[in-house]
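Asks: structure of the sequence below:
(4 chains)
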There are 2 protein chains.
Amino acid sequence: MARPTIADIATRAGVSKGAVSFALNGRPGVSDATRERILKIAEQMSWRPHSAARALGASRVDSVGMVIARPARTLGVEPFFAHLLSGVQSGLSAESISLQLLIVEDTAAEIEVYRRWASEHRVDGVILVDLTVKDPRVDELKALELPAVVIGGRGGKGALASVWADDRDAMLSIVEYLAALGHRRIAHVAGTPIFQHTQRRIRALRDAAPRLGLVDAPSLTTDFSDAEGAAITRKLLSQSERPTAIVYDSDVMAVAGLGVAMEMGVSVPGDLSIVAFDDSILTQLMHPALTALSRDTFEFGRQAAEVLLETIADPAQVINRRTADPVLTVRESTAPPS
Amino acid sequence: MARPTIADIATRAGVSKGAVSFALNGRPGVSDATRERILKIAEQMSWRPHSAARALGASRVDSVGMVIARPARTLGVEPFFAHLLSGVQSGLSAESISLQLLIVEDTAAEIEVYRRWASEHRVDGVILVDLTVKDPRVDELKALELPAVVIGGRGGKGALASVWADDRDAMLSIVEYLAALGHRRIAHVAGTPIFQHTQRRIRALRDAAPRLGLVDAPSLTTDFSDAEGAAITRKLLSQSERPTAIVYDSDVMAVAGLGVAMEMGVSVPGDLSIVAFDDSILTQLMHPALTALSRDTFEFGRQAAEVLLETIADPAQVINRRTADPVLTVRESTAPPS
DNA sequence: TGCAGGAGCTATACCGGTTTATCAAACCCA
DNA sequence: TGGGTTTGATAAACCGGTATAGCTCCTGCA
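Replies: Numbering: from 1, shown residues only, chains lettered A, B, ... in the order given. Next comes the predicted model:
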């Protein structure tokens, strides 16, 4: 027999389909003796539930979704997603729940996907990344009644469940370190201002500047691309009063910035210190290797999966879980200003 | 009404469930007038098929799977997968088929996933990457009768369907260019020899060497890591007769190699030309920017999806589709030997 | 005029599970 | 000993579609 069904097992065990279902799902309704007998037979026949059948009956599909709305070309460089995915999967695998992944161009397409998933019952819940200010996805998901957890964006009231790390503290740990080295002119090459985490980082720097005695601490926003990262760096280093340290919101921009510094004859870390707000193999491949903020992205994903499963189990509660703080990994690109 | 079922539409249209099913699936059995009426009502009620119900009845789940067996840390750097995924999705989206993605540690785990997917009917087919010599996955998938398409590995008889580019030609286009520049000592820092594509590249170089008058053309295998790429480069550049050009099987290794050259005071491209057998943003971020082989990875993925769908539709035929040849993108890291 | 054949549709079984109503037997305690 | 509760199990309904056998009515052709 190719793929045994629950009915086959029932026949073989001399019981009803219902009894087999109870036994296999570990719920009351059968005696321990019968349960064990059924389990053994199921094992023997190497029975596995038919996911569609189960989904139809139990109205849950044991599958969650994740949509990444970024053009593919900016995606590949970032180990962030690969690690995040691995973490999510590790969190899901315990319950043997599968993950649907989709890469789309923009948020509009992403919302379309949620609508389709909801109406076709393809997922039990979704994981959101890159939360923006006044993110339209939040309301949409609430309207669809699709359980969701946001990665990286703590929400206020009426928000979705979330898993977050403290961007504010992270930024502080960077600039406090730079200030301690003696830097007073620190620039921040940020990402797009529509992301909440970008806003939080900018605010953190602005708030900390007076306390740390920073002369000038501008945050300049970009689209996260290497091109804009390079352009802004070129501009910063062309000023008469150039910064002695630059913090980049991503590893790619930091590398692009390092390239500009070299091209302009600005020595790193002699004349300029560089810090990347994200760690990866990229930062380690460089010469000098870049000082970077390391986050346990895998753990991030794992926790997101956990929170999502809890949210699916009980949609009423809204969990906001804070994960371990990121730590600064100091390498060769930071030194006291000359 | 939250989510209308086919029965709701039937009631509203005053016909039977069967008629509605016929109409919605565009198959004969209803008149054009009735069909149109049903379609309009379905549209009005914004009906969408319940994927599980459809899967159960039609015994296909409109979902395909892809497992990547690599430790997550080596994965993130490669835009390859991000582009590939986007391409696959674009190929699938036409039929609104979803993609399940899984990242696992090794091939054993990967095979486990295939078994589970097959027994739970979670996917209609799978896409394989990184085909190895005597790959155990091939036999396993045939035993499971799970339709599959291999990316990057043309198969002989009894093989699975595939989508491939000509590694041999690709390697030739690189070494012929280097030979034309005047290089006679070319080294090849390859990936793991267990991958079929690694073997093909090595063989292509070996076969072409005499014809191109190469004095020495060693292929040295690695595990694709930056560390081994750097180590081998260090060894190559320490020889009394050092190569004047090095071809790296991946962008990460090429970047690591460039770092070693700089650290040893070997100027690129003055004393050493560098070519990466894979293009990405990484190669463009470097100074000098690296000459690299560009493949249309997106298209690769799109075609893989297409071939997979055809294979699912008719498992008897085995399609082997060749995609566009990769082209060499010349940047700043190659020049005639001094 | 009669009948074959096809178009158009209905009724129903079915896919493989879960869930619920029901029931018999055993058990409990006064 | 008898009535009520608990336990272990069954049969049947159900989830939302698809597939199919069969029915009715209309058409065409001899």
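Asks: C-alpha from now on. contacts and neighbour counts both.
Replies: OK.
Asks: domains of chain A?
Replies: Annotated domains of chain A cover A:6-48, A:63-165+A:297-326, A:167-294 [automatic domain parsing].
Asks: lowest-confidence stretch among those?
Replies: Confidence, taken as mean pLDDT, is least for domain A:63-165+A:297-326 of the domains of chain A (a mean of 87).
Asks: ok, that domain near DNA strand C or not?
Replies: No: judged by CA under 7 Å from any atom of the strand, domain A:63-165+A:297-326 and DNA strand C are separated, with a smallest distance of 12.5 Å.
Asks: quick revisit: and the domains of chain A: which comes nearest chain B?
Replies: Taking CA to the nearest CA, domain A:63-165+A:297-326 is the member of the domains of chain A nearest to chain B, at 3.6 Å.
Asks: the closest one near DNA strand D at all?
Replies: No: with CA under 7 Å from any atom of the strand as the criterion, DNA strand D is not reached by domain A:63-165+A:297-326; the gap is at least 7.8 Å.
Asks: and that domain, how far out from the chain middle?
Replies: 8 Å (CA atoms, centre = their mean, to the nearest Å).
Asks: with stretch A:323-334 instead?
Replies: That offset, for stretch A:323-334, works out to 18 Å (CA atoms, centre = their mean).
Asks: would you indicate which residues of that stretch are buried?
Replies: Buried residues in stretch A:323-334, counted by 16 or more other CA atoms under 10 Å in any protein chain shown: A:323, A:326, A:328-334.
Asks: please export the C-alpha coordinates of it as PDB.
Replies: Output in PDB follows, covering the C-alpha atoms of stretch A:323-334 (Å, rounded to 0.1, in the frame of the first residue of the first chain):
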ATOM      1  CA  THR A 323      15.300  39.800  22.500                       C
ATOM      2  CA  ALA A 324      18.900  39.900  23.500                       C
ATOM      3  CA  ASP A 325      20.700  43.300  23.000                       C
ATOM      4  CA  PRO A 326      23.100  43.500  20.100                       C
ATOM      5  CA  VAL A 327      26.700  43.800  20.900                       C
ATOM      6  CA  LEU A 328      29.500  45.800  19.300                       C
ATOM      7  CA  THR A 329      32.200  43.700  17.700                       C
ATOM      8  CA  VAL A 330      35.300  45.900  17.500                       C
ATOM      9  CA  ARG A 331      37.600  45.200  14.600                       C
ATOM     10  CA  GLU A 332      40.200  47.300  12.800                       C
ATOM     11  CA  SER A 333      38.200  50.200  11.400                       C
ATOM     12  CA  THR A 334      37.900  52.200  14.700                       C
END
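Asks: does any part of it sit near chain B?
Replies: No: Stretch A:323-334 does not reach chain B (CA under 8 Å from any CA of the partner chain); its nearest approach is 14.2 Å.
Asks: contacts made by that stretch with the rest, please.
Replies: Stretch A:323-334 is contacted from outside by A:163-166, A:169-170, A:173-174, A:268-269, A:272-275, A:288-296, A:300, A:303, using CA atoms under 8 Å, 6 or more residues apart in numbering or on different chains.
Asks: taking the buried residues of stretch A:323-334 one by one, which sit in strands?
Replies: In strands, judged by DSSP state E, the following of these are found: A:328-329.
Asks: coming back round to it: so which of the domains of chain A is nearest B:Ala227?
Replies: Ranking the domains of chain A by distance to B:Ala227, with CA to CA as the measure, places domain A:167-294 first at 9.4 Å.
Asks: these two touch, right, A:Pro315 and A:Ala148?
Replies: No: when contacts are counted by CA atoms under 8 Å, A:Pro315 is not listed as touching A:Ala148 (9.1 Å).
Asks: can you give me the strands in the stretch 151-300 of chain A?
Replies: Along the stretch 151-300 of chain A, the stretches classed as strands by DSSP state E, counting those that start in this stretch are A:161-164, A:186-190, A:219-221, A:245-248, A:273-276, A:291-294.
Asks: could those go into TSV alongside mean neighbour count?
Replies: Converted to TSV, the strands of the stretch 151-300 of chain A look like this (neighbours: other CA atoms under 10 Å in any protein chain shown):
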stretch	mean neighbour count
strand A:161-164	24
strand A:186-190	25
strand A:219-221	20
strand A:245-248	27
strand A:273-276	28
strand A:291-294	24
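Asks: so which of those gets nearest A:Leu128?
Replies: Ranking the strands of the stretch 151-300 of chain A by their distance to A:Leu128 (criterion: CA to CA) puts strand A:161-164 first, at 9.0 Å.
Asks: now do the closest one: which elements does it pack against?
Replies: The helices and strands touching strand A:161-164, judged by 3 or more CA pairs under 8 Å, 6 or more residues apart in numbering or on different chains; DSSP states H and E, are strand A:148-151, helix A:297-313, strand A:320-322.
Asks: 10 Å - rerun?
Replies: In terms of contacts (3 or more CA pairs under 10 Å, 6 or more residues apart in numbering or on different chains; DSSP states H and E), strand A:161-164 is packed against strand A:125-128, strand A:148-151, helix A:297-313, strand A:320-322.
Asks: please save the CA atoms from the third one in PDB.
Replies: Below are the C-alpha coordinates for helix A:297-313, written out as PDB (Å, rounded to 0.1, in the frame of the first residue of the first chain):
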ATOM      1  CA  THR A 297      19.600  37.200  13.900                       C
ATOM      2  CA  PHE A 298      19.000  33.500  14.100                       C
ATOM      3  CA  GLU A 299      17.600  33.800  17.600                       C
ATOM      4  CA  PHE A 300      15.500  36.700  16.500                       C
ATOM      5  CA  GLY A 301      13.900  34.500  13.900                       C
ATOM      6  CA  ARG A 302      13.400  31.700  16.300                       C
ATOM      7  CA  GLN A 303      11.600  33.900  18.800                       C
ATOM      8  CA  ALA A 304       9.500  35.400  16.100                       C
ATOM      9  CA  ALA A 305       8.300  31.900  15.200                       C
ATOM     10  CA  GLU A 306       7.600  31.100  18.800                       C
ATOM     11  CA  VAL A 307       5.600  34.300  19.300                       C
ATOM     12  CA  LEU A 308       3.700  33.700  16.100                       C
ATOM     13  CA  LEU A 309       2.700  30.200  17.200                       C
ATOM     14  CA  GLU A 310       1.500  31.500  20.500                       C
ATOM     15  CA  THR A 311      -0.500  34.200  18.700                       C
ATOM     16  CA  ILE A 312      -2.100  31.700  16.400                       C
ATOM     17  CA  ALA A 313      -3.000  29.600  19.400                       C
END
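Asks: and it, anywhere near chain B?
Replies: Yes: Helix A:297-313 is in contact with chain B by CA under 10 Å from any CA of the partner chain, via A:Phe298.
Asks: packing partners for that helix?
Replies: Where contact means 3+ CA pairs under 10 Å, 6+ apart, helix A:297-313 is packed against strand A:63-69, helix A:79-93, strand A:125-128, strand A:148-151, strand A:161-164, strand A:320-322.
Asks: appreciated, that's everything.
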